[in-house]
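Visitor: just need the structure, nothing else, for what follows:
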Amino acid sequence: MERFLYKNSSYMEGKRVQIDSEFQREKCAKISFVGNDGDRISQLPDEILVDILSLLTLKESARTSVLSSRWINLWKHTPSLVFDAQSALDRIAKRHKLLESERHKYVKWVNSILRSHKSTALKEFKIRFDLDRSSKNSITQWLQFAFARQVQSLELDLDNYGDSSKYYRFPQEFLTLSSCIAPKLKPPFDIFRIHHPPVLDDFKSLKELSFRCIDFSDGMIEFFLHNCPLLECLVVHESDKTSNLEVCGPSLRLKHLEIVSCFGLKSLKVSAPNLTSLRVTSLKGLLLENIPMLVDVSFSCHDCFISVKRWFSQLSCCISQLEILCLDVTSLRRFDSKISEPFEFHLRKLKKLVIEYDPTSDESLVWLAALIRVSPYLEEFVLKYEWYELPKLDREMNDLMRFPHRNIKVFKFCGYYGRYSDARLVKIVLENCPALEKIIIDPSISPEIDGVDVAQNRRKDPKEQLEPYVPNHIELVIL
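Guide: Modelled structure (predicted):
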């Protein structure tokens, strides 16, 4: 236990959890419980115990209240509120008619926790559930609750598989904030009696923002960029109302940016001197400027007939500095006829290449060999097969796929199904990569394939199929 505390407790690293004065007076009930000699945890200061509880889930930390009078109120001071209800989402996936009742339970659960919560500061606040505009009043109150406590990491994941026209709309009134200082919160308080909108000071602590399935009108995302001076991570998924977005500013601290599946987006301009990682759905309309630190890029292509070489021309300002590249080509059906010819650029700093690919298509992977050849210092190659249906026939592997490479040390194959072509691809990697040290095989398939016994339908067992071909000095890992 002492080792666990030393490695994981921020208190032991000199970072104390801030406990408000009311908490000190309350002393989480009377600190009369000492415990026997074997109960060292209960003898620790309140600050450390709260720090430990913040590492648990909300339901787990709430259960500690039954341990003794010492623990009754401790969990209510946790600075981390993560409302994750994956089990309920799994039930909804199996029986969609449960959606409304499960939504009601989730909203009731969040409200009950917020009513009893006593901390006046939050490190993280995360909502993860299938919610839409019907819960807008509660969602808006939750946001006010988090902003009033100067939350550092905010996630609002309303993963809605229904009609996008019913997405929760981010409150327009948040964009007309005053610069006055909000009244300091003193427990006990009730979030349902807090009616004032956030003020600008409420955003100054934000370091991470993540939004999914939320409607943002033009200007809303830029508002956060300009009013959150500490913001380092911005994630926006599935927001169709945003058409033009500028992530620009010489003083931006932003390091990670994700703009994914925002299909209404026509243009995205990025000028951020501290940006190191970028993930976008498409390069269409993307303009990159002043990104000297960018080393990690991930993008998809939903333009079925676009040139592979044209993708990289749009990354010309940063292509020579990339260290990690993830390319999703699952939607493509045709490439350039001359793609096997050498590229006109070199990825001299690239260390890791990830390719997401639809193995049921008829496309050749010859272009991939050409890409590997212009990445002379590549060390890790990851190929992800995204299965949307199981194959009825095996496919031929193009023997022209040759890419002699002296530095690739790790090859990971996700979605391995045991076809002849799957095994042939592993053999091609072995033939072309003399420095290979490890092969990782992940036989799992995409969750989109429902009601399929994959193990029963798999062509061959990966270990049985590959072990005879893998030399003893190469580690073979089957996940």
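Visitor: mind checking how far Glu102 is from Ile139?
Guide: Distance of Glu102 to Ile139, given as CB to CB, to the nearest Å: 16 Å. (C-beta placed from N, C-alpha, C; glycine too.)
Visitor: wait, Lys351
Guide: In terms of CB to CB, Lys351 sits 41 Å off from Ile139.
Visitor: which one of these two has more residues nearby?
Guide: Ranked by neighbour count (other CB atoms under 10 Å), Lys351 and Ile139 place Ile139 first, with 23 against 16.
Visitor: show me the shaky parts of the stretch 51-200 of the chain.
Guide: Filtered on pLDDT under 70, the stretch 51-200 of the chain yields the residue ranges 65-70, 72-73, 161-162, 176-200.
Visitor: just the helices in it please.
Guide: All helices of the stretch 51-200 of the chain, identified by DSSP state H, counting those that start in this stretch, fall at 58-63, 86-94, 99-116, 136-148.
Visitor: pick the most deeply packed of those helices.
Guide: Per-stretch averages of neighbours, counted by mean count of other CB atoms under 10 Å, single out helix 136-148 among the helices of the stretch 51-200 of the chain, with a mean of 20.
Visitor: shaky segments in the stretch 251-400 of the chain?
Guide: Short version for the stretch 251-400 of the chain, where the test is pLDDT under 70: 301-310, 331-343, 359-365, 387-400.
Visitor: cutoff 50 now
Guide: 304-305, 334-340, 399-400 (pLDDT under 50).
Visitor: helices of the stretch 351-479 of the chain, start to end?
Guide: Under DSSP H, counting those that start in this stretch, the stretch 351-479 of the chain gives helices at 366-373, 420-432, 454-457, 462-466.
Visitor: mean pLDDT lowest for which of those?
Guide: If you rank the helices of the stretch 351-479 of the chain by mean pLDDT, helix 454-457 sits at the bottom with a mean of 48.
Visitor: re earlier: looking at the helices of the stretch 351-479 of the chain, which is buried most?
Guide: With neighbours defined as mean count of other CB under 10 Å, the helices of the stretch 351-479 of the chain peak in mean count at helix 366-373, which reaches a mean of 20.
Visitor: what packs against that one?
Guide: strand 352-357 (3 or more CB pairs under 8 Å, 6 or more residues apart in numbering; DSSP states H and E).
Visitor: can you give the contact residues for the strand it packs on?
Guide: Outside strand 352-357, the residues that touch it by CB atoms under 8 Å, 6 or more residues apart in numbering are 298, 300, 323-330, 365, 368, 371-372, 375, 378-386.
Visitor: who is Glu356 paired with across the strands?
Guide: Asp328, Lys384 (DSSP bridges).
Visitor: mind listing what the host helix or strand of Glu258 pairs with, with the direction of each?
Guide: For Glu258, the host element (DSSP states H and E) is strand 256-260. Sheet pairing of strand 256-260 (DSSP bridges) gives strand 233-237 (parallel), strand 277-280 (parallel).
Visitor: pipe the ones you listed into TSV and attach mean neighbour count and distance to Tyr420 per row.
Guide: Below are the strands paired with strand 256-260 laid out as TSV (neighbours: other CB atoms under 10 Å; distance: least, CB to CB, whole Å):
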stretch	mean neighbour count	distance to Tyr420
strand 233-237	20	37
strand 277-280	20	34
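Visitor: okay if I get these as JSON lines plus distance to Arg63?
Guide: Listed next are the strands paired with strand 256-260 as JSON lines, based on distance: least, CB to CB, whole Å:
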{"stretch": "strand 233-237", "distance to Arg63": "31"}
{"stretch": "strand 277-280", "distance to Arg63": "37"}
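Visitor: which residues of the stretch 201-350 of the chain fall in strands?
Guide: Assignment of strands within the stretch 201-350 of the chain using DSSP state E, counting those that start in this stretch yields the ranges 208-212, 214-215, 233-237, 244-248, 256-260, 267-271, 277-280, 286-289, 296-300, 324-328.
Visitor: and the shortest one, which strands flank it?
Guide: So that's strand 214-215. Sheet partners assigned to strand 214-215 using DSSP bridges are listed as strand 168-169 (parallel).
Visitor: and if you look at the fourth one?
Guide: Using DSSP bridges, the strands paired with strand 244-248 in its sheet are strand 267-271 (parallel).
Visitor: mind listing what's buried in the partner strand?
Guide: 268, 270-271 (16 or more other CB atoms under 10 Å).
Visitor: would you mind writing the CA trace of that strand as PDB?
Guide: Output of strand 267-271 as PDB, limited to C-alpha atoms (Å, rounded to 0.1, in the frame of the first residue of the first chain):
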ATOM      1  CA  SER A 267     -12.900  25.100 -44.000                       C
ATOM      2  CA  LEU A 268     -10.500  24.500 -41.200                       C
ATOM      3  CA  LYS A 269      -7.500  26.900 -40.700                       C
ATOM      4  CA  VAL A 270      -4.900  25.900 -38.100                       C
ATOM      5  CA  SER A 271      -2.100  28.200 -37.000                       C
END
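Visitor: picking up where we left off before, so for Gly219, which of the strands paired with strand 256-260 sits nearest?
Guide: In terms of CB to CB, the element of the strands paired with strand 256-260 nearest to Gly219 is strand 233-237, at 13.5 Å.
Visitor: residues in contact with that closest one?
Guide: With contacts defined as CB under 8 Å, 6+ apart, strand 233-237 is touched by 207-213, 216, 221, 224-225, 242, 247, 254-262.
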